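Colleague: Below are the sequence and a predicted model for it; my questions follow.
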Amino acid sequence: EVQFRPYRTDDFITRLYYETPRLTVLNQTWVLKARVNDSERNPNLSCKRTLSFQLILKSKINSPMECSFLLLEGPYDDVKINPVIYHFVFSNENNETDYMALPIVDSVECNKLLAAKNINLRLFIFQIQK
């Protein structure tokens, strides 16, 4: 279970983003970041809201680590998320994924998530052995 907490940037026009505390999975330390409408200038003026997320490996590793991961709704949320499995090879030089769309069913479901103080989701990470 991961909990995204809201933060604001220090820019002149502040931007809302979400971040999880550090978590340990597969004996590695990870962080998830999320942003609203891909950090567009004024997401409050848009009626179509989206969330995108990024998985970041904070630990140093000896060899590249190929992983599959997905995010699903949290234990007490009724938000509808279509499960999508993402793949990425983490290394010390390439330790963060690109921002990927959180596969929420529609904008109404996204607004439900944004209305909550924190966003609770389940993260599954699988290491692919060669």
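Modeller: The structure has been received and is ready for your questions.
Colleague: tell me which element Val31 falls in.
Modeller: Here Val31, judged by DSSP states H and E, is contained in strand 28-36.
Colleague: so where do the strands sit in this protein?
Modeller: Applying DSSP state E to the chain gives strands spanning 2-8, 16-19, 23-25, 28-36, 51-57, 65-73, 86-90, 100-101, 119-127.
Colleague: which secondary structure elements does the first one contact?
Modeller: Spelled out, it's strand 2-8. strand 16-19, strand 28-36, strand 119-127 (3 or more C-beta pairs under 8 Å, 6 or more residues apart in numbering; DSSP states H and E). C-beta here means a position set from N, CA and C on the backbone, and glycine is covered the same way.
Colleague: ok, now with 6 Å
Modeller: strand 16-19, strand 119-127 (3 or more C-beta pairs under 6 Å, 6 or more residues apart in numbering; DSSP states H and E).
Colleague: list the contacts for Leu66?
Modeller: Small correction: residue 66 is Glu, not Leu. For Glu66, the contacting residues are 89, 128, by C-beta atoms under 6 Å, 6 or more residues apart in numbering.
Colleague: Report the separation between it and Ala101.
Modeller: 22 Å (C-beta to C-beta, to the nearest Å).
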